[in-house]
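1. Okay, sequence plus prediction incoming.
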Amino acid sequence: MSQGPPFAERLIEEGRELYEAARDLRLDLRLMGGVGIRLLLGERLPPAYRRSYRDLDVMVRRKQRRDVETLLAKRGWEPATEFNALGGGRRLLFHDPASEAQVDVFVESFEMCHSLPLVDGLDRPGPSLPATDLLMSKLQIVSLNTKDRNDCYALLESCTIAEGDHEAIELSRIAGLAAGDWGIHHTFELNLRRLREGLGAVAQADAEQINSILDQLCDAIDEVPKTRAWKLRAKIGERKRWYEEPEEVDRAGNG
């Protein structure tokens, strides 16, 4: 990574340059996380939700993993050797030797509190995954913190509801995924409720916009027909844990 601008801005620029370098090599790489949201929204990102960044999250295709590893190494990112050897089939970690920055690479699958099928987003345009995928990657977090909550608000305030638009929120995609998995449905439901409860700290006009989209999301998720497996799992409810504990990683890459 090059030195110069403030740390957060360097990561934003690094994310953009990493995408462009991958594109030049015909590699399918898309940004996720906070930097992905920043690149998707650009100037539409409300000032209230602009924040600092300490990492990049990206998704790549499994067959291109080695080429992406080579690209990151050429750009000065150091691999977490032990972590990558153990989990390289699905996740890779790289560090910036001059700072606390890191790159978290999801290899064709996104598995944190829940497993989300986001790989099709690699076929969509732009440097980031689609807005819907970025939102779902936040809504699947069981312990939603302030940073993740504000990332959700940024997307909900800035994006319209529309189907087939990578910069819009696609209700059918979210509802369809929730209808097939009670655990995902339950976590989404909990977080949509938390987001609504937190609107007291949001400016009134913005809160009205966000609340309108939350209403549409909740209605879509509630109304879509549920699978038999969903209904069977719903009978158990919270008596059985419905999510996974995300794997914690440190700069040594030892978990």
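-> Structure's in. What do you need?
2. For the nearest residue in space to Gly33 that is not next to it in sequence, give me its contacts.
-> Once flanking residues are discounted, Gly33 sits nearest to Asp57: 3.6 Å by Cβ to Cβ, 6 or more residues apart in numbering. No exception for glycine: its C-beta is placed from N, CA and C like everyone else's. Going by Cβ atoms under 8 Å, 6 or more residues apart in numbering, Asp57 touches Leu31, Met32, Gly33, Val35, Gly36, Val103, Asp104, Phe106.
3. quick one: which two of the residues you listed are the most distant?
-> Farthest-apart pair in the contacts of Asp57 is Val35 and Phe106; separation 13.9 Å (Cβ to Cβ).
4. So between the two, which is more surrounded?
-> Counted by other Cβ atoms under 10 Å, Val35 and Phe106 do not tie: Val35 has more neighbours, with 25 against 22.
5. State the helix or strand in which the more buried one lies.
-> Per DSSP states H and E: Val35 is located in helix 33-41.
6. For the helix or strand following that helix, give the mean pLDDT please.
-> Where DSSP H and E defines the elements, the next helix or strand beyond helix 33-41 is strand 55-60. In this model, strand 55-60 carries a mean pLDDT of 97.
7. just stretch 170-181 next, same as before
-> On average, the pLDDT along stretch 170-181 is 97.
8. ok, and for it, which residues are buried?
-> Glu170, Leu171, Arg173, Ile174, Ala175, Leu177, Ala178, Ala179, Asp181 (16 or more other Cβ atoms under 10 Å).
9. List of residues touching it?
-> 114, 116-117, 130, 132, 135-136, 139, 161-164, 184-185, 188-189, 216-217, 220-221, 223-227, 229-230, 233.
10. So among those residues, which ones count as buried?
-> Using 16+ other Cβ under 10 Å, the buried ones in the contacts of stretch 170-181 are 114, 116, 130, 132, 135-136, 139, 184-185, 188-189, 217, 220-221, 224, 226, 230, 233.
11. May I have the beta-bridge partners of the residue nearest to Gly33?
-> Assessed by DSSP bridges, Asp57 has beta-bridge partners Met32, Asp104.
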